[in-house]
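**Q** Here is a sequence together with a model predicted from it:
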Amino acid sequence: MNPHTPVFCSIVPPHLLEHLARSSNPAVAAAARRTLIADASARTSRVLPLPGSAPTLAPADVGRPHRTVYDCERGTELPGVRVRAEGEDATGDSTVNRAYAGLGATFDLFLKAFGRDSIDGAGLPLLASVHYDENYGNAFWNGEQMVFGDGDDEIFLDFTLPVDVIGHELAHGFTQYTANLEYFSQSGALNESVSDVFGSLVKQYALGQGADQADWLIGEGLFHPNVQGTALRSMKAPGTAYDDDVLGKDPQPGHMDDYVRTSRDNGGVHINSGIPNHAFYLVATELGGKAWERPGQIWYDVMTGGTLAPETRFSEFAAATVAAAKARYGDGEEIQAVLKAWAAVGVPTD
Amino acid sequence: MRIRVRRTGGFAGIERSAEVDTADPDLRSLAREVLAGGSDERRGVPDGFLYEIAIDGVTIRCCDPDLTAAQRTLITRVLKEGA
C-alpha cells in the first residue's frame, strides 16, 4: 500500500464503498476504489502506526521539508498551478509565501519537538493549494494536501493568515497517518481537537512561547473586522471566542455536562472538540513551561502509540493520555496534571 | 420551486442556510440536475463543508471538494440570493 493514499473515505462502511465504487460520478468511484484497496491493507496493520513509505529520499533529504505550493487561481481544480517549490525564492504573492512558511513551521515542530520527519514520519512532501474557489471562506485537508480559500469578504479573511490554521490542517494529515480517528461524533471531535492542539503548538513553537504566554486561540486574526470576535475557538475558555449578531455565539463546551448532541457537522466535531481542547490547555498550564515539551509529548505518544481505535471515545483517549504520561514520566506531576485536567472537564479516565 | 441549502462543518463549524422560492428557469434546471444526481453519502473530508440541498422536500447531501458543477452553482446562488 502506498501510505500517501488518501484515507478520507475509510470512515465509510465497506458495503457503501463498494456501492460508491460503481458510482456514475468518476471522482466518487475512483476515491471509493482507492479506499477499498487502502482499507483492506490498513486493517491488517492497524495495531501499529502506519509504516513509513519505502526510503525514496536521499540521506541528505531526511529531516528536511519538501514543500510545494499551488495556486488554484480561484478555481476548484486541485492542486492547481505549481507556484513555489522547496528552496525556491519567495513569490510576489503573500498568500503563497505564508502557506510555504506555515508548512515549514509545522514541519519544524514535528521534527524538532518530536523527532518526526514530516507528518507521516517518512518525509511526506507537504502540499498546499491556495486561492481555492471564489469567495471561499474555508480551509480543509482532502486526504492528500491542504486547501485554502481567500475568505468571503464578509466573515473570513484569507485562511493562510493564522499559522495555527495551517498547522491544524497538516495535523489532520498527522492523524490520518497515526491514530486515524474517524471524523464523526466523539472520535471526530478528538480528531478536530488534535488538530487544534498541534496547530496551537505550531504557533507557540514558532513564537517561542510558554504555556502562560500563549493565547490558546485558534484562528486569531481570521475574522473580518466587521465580526465581533477574536478567533474561531478558544482552548483556554471554550465558548468565548466570538459573540456576533450575525454568527451568534461560539458554541463550544468546555465540560462534558454541556456536550452537544447533533447530527450536523459530522456530529458536532467542531463543537465538542472544546472539551479535549480545554483538557490539553489545563495540562499545559498546570505543568507550565513549553507546551510542546511534556504536554505535547504525551498527546503525541497517544497518537503514535498504536493503542487507539479509529472510533475512540473521549474517555478512552483520556485513559490513553494517563497511560502515556505514566509510561514516559512515571508517577510524577505529569500524570497528576493529566488526571486533574480530565476530571476538570468531566471526562472519566478509568 | 422551493430550494433550501444548509451548509455545516467547515474549519469554523459555523452553519449557514438560505432558501429561495423561485421560478427562475436556470435555478430550476440546476435543481433538477442536482436531484437527478442523487446524494453523495460520504462523510466528507476534515474541515470540508457539508451541504444539504432540499428541493421541494427532497434532500440531497453532498460535500466538498467533490461537488458537481451543478451542485456548486446551485449552492452558491441559493446562499447568495436566498434568505
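**A** Perfect, thanks for sending it.

**Q** Can you verify residue B:73 is assigned to a helix?
**A** Yes. Counting by DSSP: H, G, I helix; E, B strand; the rest coil, residue B:73 is part of a helix.

**Q** residues in contact with it?
**A** By C-beta atoms under 8 Å, 6 or more residues apart in numbering or on different chains, residue B:73 lies in contact with residue B:30. (Glycine included, C-beta is placed from N, CA and C.)

**Q** Can you show me the strands along chain A?
**A** A:67-71, A:81-85, A:126-130, A:139-141, A:146-148, A:217-218, A:233-234, A:243-244, A:248-249 (DSSP state E).

**Q** Spell out which parts of the stretch 251-350 of chain A neighbour chain B.
**A** Residues of the stretch 251-350 of chain A lying close to chain B (C-beta under 8 Å from any C-beta of the partner chain) are A:251, A:264-266, A:268-271.

**Q** Now for the residue nearest to residue A:184 when sequence neighbours are not counted, how many residues are close by?
**A** Nearest residue to residue A:184 in three dimensions, chain neighbours excluded: residue A:266, at 4.9 Å (C-beta to C-beta, 6 or more residues apart in numbering or on different chains). Residue A:266 is flanked by 26 other residues according to other C-beta atoms under 10 Å in any protein chain shown.

**Q** got it, and the one 5 residues further on?
**A** Look at residue A:271: counted by other C-beta under 10 Å, it has 25 neighbours.

**Q** gap between it and residue A:115?
**A** For residue A:271, the distance to residue A:115 equals 33 Å [C-beta to C-beta, to the nearest Å].

**Q** With residue B:76 instead?
**A** Distance, residue B:76 to residue A:115, using C-beta to C-beta: 45 Å.

**Q** again with residue A:156
**A** 35 Å.

**Q** Between the two, which is the more surrounded one?
**A** The neighbour comparison of residue A:156 against residue A:115 (other C-beta under 10 Å) goes to residue A:156, with 26 against 10.

**Q** Pretty sure that one sits against residue B:12.
**A** Yes. Contact status for residue A:156 versus residue B:12: in contact at 7.4 Å, counting by C-beta atoms under 8 Å.

**Q** Touching both of these two, which residues are there?
**A** Common neighbours of residue A:156 and residue B:12 (C-beta under 8 Å, 6+ apart) are A:137-138.

**Q** So what's the residue count around the closest residue in space to residue B:13 that isn't next to it in sequence?
**A** Sequence neighbours aside, residue A:270 is the residue nearest to residue B:13 in space, at 2.6 Å (criterion: C-beta to C-beta, 6+ apart). Neighbours of residue A:270 under the rule other C-beta under 10 Å: 27.

**Q** May I have the residues that are in contact with residue A:270?
**A** Contacts of residue A:270 by C-beta under 8 Å, 6+ apart are A:192, A:233, B:9-13.

**Q** what pLDDT does the closest residue to chain B within chain A get?
**A** Nearest residue of chain A to chain B, counting by C-beta to the nearest C-beta: residue A:270, 2.6 Å away. In this prediction, residue A:270 carries a pLDDT score of 97.

**Q** And for the one 5 residues further on?
**A** What the model reports as pLDDT for residue A:275 is 98.

**Q** Verify the stated contact: it with residue A:314.
**A** Yes. Between residue A:275 and residue A:314 there is a contact under C-beta under 8 Å: 6.6 Å.

**Q** Need the overlap of contacts for those two.
**A** With C-beta under 8 Å, 6+ apart, residue A:275 and residue A:314 have common neighbours A:189, A:256, A:347.

**Q** So residue B:55 sits against residue B:20, correct?
**A** No. Counting by C-beta under 8 Å, residue B:55 does not reach residue B:20; the two are 10.6 Å apart.

**Q** count of residues packed around the closest residue to residue A:192 other than its chain neighbours?
**A** Spatially, and ignoring its direct neighbours in sequence, residue A:192 is nearest to residue A:273 (3.8 Å; C-beta to C-beta, 6+ apart). Applying other C-beta under 10 Å, we find 28 residues neighbouring residue A:273.

**Q** Can you give me the distance of residue A:273 to residue A:219?
**A** 13 Å.

**Q** Residue A:177 now?
**A** The value you get for residue A:177 to residue A:219, if C-beta to C-beta is used, is 24 Å.

**Q** which ones are touching residue A:294?
**A** A:287, A:329, A:334.

**Q** Now do the contacts for the last one.
**A** For residue A:334, the contact set (C-beta under 8 Å, 6+ apart) comprises A:287, A:294, A:298, A:325, A:328.
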